[in-house]
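Peer 1: show me how the following folds:
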Amino acid sequence: MGIQINVVVGYPINDEVERVLGLAEAVGEPVTVTFMWEGREEAERAVLVPATTLALWEHWAPTAYPTSGAGEENRAVAEEPELAHPAEFGAFTLFRRRVGGRTAVARKGVVVAELLDPDEAQWLQEKARNVRQGFMDPKQKAAFEEFLARQASLDEQ
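Peer 2: Numbers count the residues shown, from 1 in each chain. Have a look, this model is predicted:
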């Protein structure tokens, strides 16, 4: 999905985070990021989705991402989500939502992107694509599916 970037976050004033957020905003594509937070042993993977792209996906996706989906049995999820103050990274501020696990990324009070769980981002992107394709007439849809089948995979490009 989109671009793969690994970021090591050691201290909140880390301009590497600001560069990644700026990149996602500039290219307008989802960016997969791995955060290595100081004091934590496990890496946190997320997909940084520009706000416009996320709005488009959510417009076309027929339902919300199921919160009790696969993969949660591997996580140690606390009953009560932890409270956290917004975290500032240069010009950006991260607002972690207590419900759903998303983190809104704002600059000057405007949300420019959101950090989503990789499974949720993939699910939303696929649902939006499927519904959007459902609005094509049958001949156009068949031609589009044939076109997609002929495209090289990301590994082959």
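Peer 1: beta-bridge partners for E114, please?
Peer 2: Applying DSSP bridges to E114 yields these beta-bridge partners: V49, A104.
Peer 1: where does the most far-flung residue of the chain relative to its centre fall, secondary structure wise?
Peer 2: Note on the chain: the largest C-alpha distance from the chain mean falls to K139, namely 32.4 Å (Cα atoms, centre = their mean). Secondary-structure element containing K139, defined by DSSP states H and E: helix 138-150.
Peer 1: which strand or helix spans the residue nearest to the spatial centre of the chain?
Peer 2: When the chain is reduced to its mean C-alpha position, the closest residue under Cα atoms, centre = their mean turns out to be V47, at 3.1 Å. Here V47 sits within strand 44-50, counting by DSSP H and E.
Peer 1: go ahead and confirm W37 touches E44.
Peer 2: Yes. The pair W37 and E44 passes the contact test of Cβ atoms under 8 Å, sitting 6.6 Å apart. Glycine gets a C-beta too; all of them are placed from N, C-alpha and C.
Peer 1: number of nearby residues for P66?
Peer 2: P66 has 9 neighbouring residues, counting by other Cβ atoms under 10 Å.
Peer 1: what about it, which SS state?
Peer 2: What DSSP: H, G, I helix; E, B strand; the rest coil gives for P66 is coil.
Peer 1: measure it to G101 for me?
Peer 2: Distance of P66 to G101, given as Cβ to Cβ, to the nearest Å: 13 Å.
Peer 1: what's the answer for E38, then?
Peer 2: 20 Å.
Peer 1: higher neighbour count, those two?
Peer 2: For E38 against G101, the residue with the higher neighbour count under other Cβ under 10 Å is G101, and the figures read 17 against 10.
Peer 1: burial count for the residue lying closest to the more buried one once chain neighbours are set aside?
Peer 2: Spatially, and ignoring its direct neighbours in sequence, G101 is nearest to D117 (6.0 Å; Cβ to Cβ, 6 or more residues apart in numbering). Residue crowding around D117 was assessed by other Cβ under 10 Å; the count is 20.
Peer 1: D117 contacts A46, doesn't it?
Peer 2: Yes. Between D117 and A46 a contact is recorded at 6.8 Å, counting by Cβ under 8 Å.
Peer 1: all helices of this protein, in order?
Peer 2: Assigned helices in the chain, in chain order: 15-27, 51-60, 118-134, 138-150 (criterion: DSSP state H).
Peer 1: output the contacting helices and strands for the last one.
Peer 2: Counting contacts by 3 or more Cβ pairs under 8 Å, 6 or more residues apart in numbering; DSSP states H and E, the secondary-structure elements packed against helix 138-150 are helix 118-134.
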